[in-house]
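Chemist: turn this into a model:
(one chain, ligands or ions: 2)
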Amino acid sequence: MRYPMTHYPESWFRVAFSDEVKDVLPVSYLGKKLLLFRGDDGRVRATSATCPHLGADLSGGRVVGNGIECPFHGWKFDGGGACTEIPYCERIPPKARLETFSVREVNGMIFVAEGDPKFEVPSVAEVGARGWSRPHRLRWKIRMHVQEIIENAVDLGHFSHVHAYREYPKNPSLSVDGHRFRVSIESDRRVLGLVSNTAVEITYHGMGLAVARIHSNYVDMIGLLTPTPIDEEYVDVSLWILFKKTRNPLLDFVTSLVVPRDIRADFANDIPIWENKAYLTKPLLCGGDGPIMKIRRWAEQFYGAPAIRSASLVSLGGTGG
Ligand code: FES
Ligand SMILES: [Fe+2]
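Modeler: Residues are numbered from 1 along each chain as shown. Ligands and ions are numbered 1, 2, ... in the order given. Purely as a prediction, here's the structure:
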């Protein structure tokens, strides 16, 4: 076992993009085959994709009203998973129901959760707003645990070694508040040979969504990072990047070509490390490493441990804990 903790923490995870769910969409995440379908009322539901009758794959079924009809014997299930009709039988067996998942459709994405998380997926006002570009979509399938990418945000020691930072980040700070944490970092980065002072603020909302606000000499942008566990091996990582429009369409065009390419190349530097590293429960940390253990304690709430409720703002001047 590569990791001591479950690969499926309790959080909202992005399982599709809104424009992909027209009627029925099967997806494989969280070690399960899930069925997403959009009812006549426009709302998306998520259920298990296997019919409890004789095991047909419901992704071959059709949406009826706000429910789904099985392609095999025509049993109908409502959006809450209950069987509402069997075409050839009056009495519906009480156990005839589909496993259901909580769903939120926010920011052009479909998020699901097992159970009922105690927090909501925040809406990011800039998505679809005038004055902001459409999202540029990046995607990776990476062999790791979803926590690796989260620890990466506070792993100060790797920024200049793995990424294009000229020096160790300046004025880093971390605030932890229940299901959220926010890390702010300033740095000088090289982009296409130009040095740019960049301020990055990343807020994680549970383990499935990070919203990054990035302000540099050249560009203002927002990143929506959604890492979703596929199974006990792989994580599906999506990054949407939105640029604030300037008064110069040519500059905006060049930015939209250059920056996503630069981010993709930068991200690629982390991937072989994530895919091949071991997860040490007691890493040998030193001053300057960043608050990796603090983030691990924050993450424990999604593995069933009580949340860290108190808000705290700390400067990260060199503690490993
Ligand atoms: S397998 Fe679904 S209705 Fe029979
Ligand atoms: Fe990294």
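
Chemist: name the single longest helix found in this structure.
Modeler: If you go by DSSP state H, the chain has its longest helix at helix 249-276.

Chemist: and the next helix-or-strand element following it, how far out from the chain's middle?
Modeler: On the C-terminal side of helix 249-276, the nearest following helix or strand under DSSP states H and E is helix 292-300. Between the centre of helix 292-300 and the centre of its chain there are 18 Å (C-alpha atoms, centre = their mean, to the nearest Å).

Chemist: what comes into contact with helix 292-300?
Modeler: 9, 147, 150-151, 153-155, 174, 176, 181, 207, 283, 285, 308, 320-321 (C-beta atoms under 8 Å, 6 or more residues apart in numbering). Where you see a C-beta, it was placed from the backbone N, CA and C, and this is true even at glycine.

Chemist: give me the buried subset of these.
Modeler: 9, 147, 150-151, 153-155, 174, 176, 181, 207, 285, 308, 320 (16 or more other C-beta atoms under 10 Å).

Chemist: and residue 171, what element?
Modeler: Assigned by DSSP H and E, residue 171 falls in strand 170-177.

Chemist: what are the buried residues along that strand?
Modeler: Buried-residue list, strand 170-177, by 16+ other C-beta under 10 Å: 172, 173, 174, 176, 177.

Chemist: nearest to ligand 2 among these?
Modeler: residue 172 (14.0 Å; C-beta to the ion).

Chemist: just confirm yes or no for the longest helix of the chain near ligand 2.
Modeler: Yes - Helix 249-276 is in contact with ligand 2 by C-beta under 5 Å from the ion, via residue 270.

Chemist: specify the local secondary structure of the residue of the stretch 1-150 of the chain found nearest ligand 2.
Modeler: The stretch 1-150 of the chain approaches ligand 2 most closely through residue 149 (8.2 Å), counting by C-beta to the ion. With DSSP: H, G, I helix; E, B strand; the rest coil as the basis, residue 149 sits in helix.

Chemist: what's the neighbour count on the spatially closest residue to it that is not a sequence neighbour?
Modeler: Nearest residue to residue 149, sequence neighbours excluded (C-beta to C-beta, 6 or more residues apart in numbering): residue 227, at 5.0 Å. Number of residues near residue 227 (other C-beta atoms under 10 Å) recorded here: 24.

Chemist: that's a helix at residue 227, yeah?
Modeler: No - the assignment for residue 227 (three-state DSSP) gives strand, which keeps it out of a helix.

Chemist: understood, closing this out.
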